[in-house]
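S.K.: Just need the structure, nothing else, for what follows:
(2 chains)
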Amino acid sequence: MHELGLTQSIVELAVEHAKRENAVAIRSITVEIGALSGVLADAMEFAFDVCSKGTLAEDARFEIRHIPGRGRCMECREESELETLTHICPLCGSLALETIQGQEMKFTEMEVD
Amino acid sequence: MCIECGCGIDPGHSHPHDHEGHKHDEQSSRTISLGEDLLAKNNRLAANNRTRFVADQLLVLNLVSSPGSGKTSILERTLTDLKDQISFAVLEGDQQTTNDADRIAATGVAVKQINTGAGCHLDAHMIGHGVEGFDLAVTDILMIENVGNLVCPASFDLGEDHKVVVLSVTEGEDKPLKYPHMFQAADLMLINKIDLRPYLRFDLERCKAYARQVNPKIEIIELSCHSGEGMPQWYDWLTAGVSSKQRDEGRGTRNAESK
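M.R.: Below is the predicted model:
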């Protein structure tokens, strides 16, 4: 639901950095989105087309790198892949899993001309 | 140059791309590394809010839920019952109308309405400006009633001490599984409208188990702001929160002190 706002801030940030670099165009923008971040990649891609219109990022390639979720069992310390926030430890069956990866929402890099 | 650390990046690295339709020097294209969290700006502003709230020894709660769970009604009853012992200020978040702020104002507590327009959540920037009219130095608890939405407010830190999620028994017991982000982000869950249970098929124990499945540390209080059942436990939780905030000063609540 807030993908539009997040994408808006990505474009603003990208344009700000591009201007600081005296760039004439933004060629690509790369972000990392974790599987457990609550952000929908499809919605973000859709929003990017709208938000980038008329900016230096208009023709940029928007690349979303997906980061899989990982959890660690608070009982047995076993680490396992986590597809949702509700998960059962495959080793001991405990429900007490802490998330150790997958909540990322990062603007990692951009390429400019 | 890398913006993050100021280091030089080889400007001559190659990458395949189509030059059709634009001209530029062969070596002008360059990569900028950022590594910036998309919520960095909000998180910075939230940290500023938090610093300020800590300085004022303020307990700050961010009330989140789906629309209609009874956040405003819980606040109304809480403020009415406790305002003689605890000094409150309230920020009300809604897309439109001042209806909620009007209800809170009727209790005599300082309140400000924040209308987010199209926005689906409150952010730290709105809170920073929202509290400008309050005298936080003489306030014990700042209640922030977020926009009714079980999705987006989970991601936005406002500088609060705790998110308190309200779930009413009319909504169904599986909400914690359907909206796990919110229940994972919250420290306390209030199960509201508990007086309606005889009329509903709401599995209370299953609801609590689901909440603990997504957040093993979540505290749970069952209450009804209509019948008053469970409200004393909620008040104890609030009073304990205020005491722990102000313990260093070795004094009671400010309202009581000023009397």
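S.K.: B:T170: what's it in contact with?
M.R.: B:T170 is in contact with B:K193, B:L196, B:L200, B:F202, counting by Cβ atoms under 8 Å, 6 or more residues apart in numbering or on different chains. Bear in mind the C-beta positions are built from the backbone N, C-alpha and C, glycine included.
S.K.: can we see that at 10 Å?
M.R.: Residues in contact with B:T170 (Cβ atoms under 10 Å, 6 or more residues apart in numbering or on different chains) are B:G68, B:S69, B:G70, B:N192, B:K193, B:L196, B:R197, B:Y199, B:L200, B:F202.
S.K.: same deal with B:I144?
M.R.: B:60-64, B:89-93, B:114, B:122, B:126-127, B:130-131, B:153, B:158-160, B:163-164.
S.K.: Which ones among those lie within strands?
M.R.: Of the contacts of B:I144, the ones assigned to strands by DSSP state E are B:60-64, B:89-93, B:114, B:163-164.
S.K.: Spatially central residue for the chain, please.
M.R.: With no chain named, the answer covers chain A. A:I33 (2.1 Å; Cα atoms, centre = their mean).
S.K.: wrong one, I was asking about chain B
M.R.: Most central in chain B (Cα atoms, centre = their mean) works out to B:N62, at 2.9 Å.
S.K.: And that residue, how close does it get to B:S69?
M.R.: Distance, B:N62 to B:S69, using Cβ to Cβ, to the nearest Å: 14 Å.
S.K.: same thing with B:R197?
M.R.: From B:R197 to B:S69 the distance is 15 Å (Cβ to Cβ).
S.K.: more neighbours, these two?
M.R.: Using other Cβ atoms under 10 Å in any protein chain shown, the more surrounded residue of B:R197 and B:S69 is B:S69, with 25 against 15.
S.K.: residues touching the more buried one, list them.
M.R.: Contacts of B:S69 (Cβ under 10 Å, 6+ apart): B:63, B:148, B:150, B:165-171, B:175, B:190-193.
S.K.: Next, count neighbours for A:E104.
M.R.: A:E104, neighbours per other Cβ under 10 Å, totals 20.
S.K.: OK, contacts around the nearest residue to it once chain neighbours are set aside?
M.R.: Distances taken as Cβ to Cβ, 6 or more residues apart in numbering or on different chains put A:G34 closest to A:E104, at 3.9 Å, once the chain neighbours are dropped. A:G34 makes contact with A:65-70, A:99, A:101-106 under the criterion Cβ under 10 Å, 6+ apart.
S.K.: What of B:N43?
M.R.: For B:N43, the contacting residues are B:D37, B:A124, B:F156, B:D157, B:G159, by Cβ under 10 Å, 6+ apart.
S.K.: Is it in a helix, a strand, or coil?
M.R.: Using DSSP: H, G, I helix; E, B strand; the rest coil, the structure places B:N43 in helix.
S.K.: just to revisit the earlier point, any of the contacts of A:G34 buried? List them.
M.R.: Listed as buried from these are A:I67, A:G69, A:R70, A:T99, A:Q101, A:G102, A:Q103, A:E104, A:M105, A:K106; burial here means 16 or more other Cβ atoms under 10 Å in any protein chain shown.
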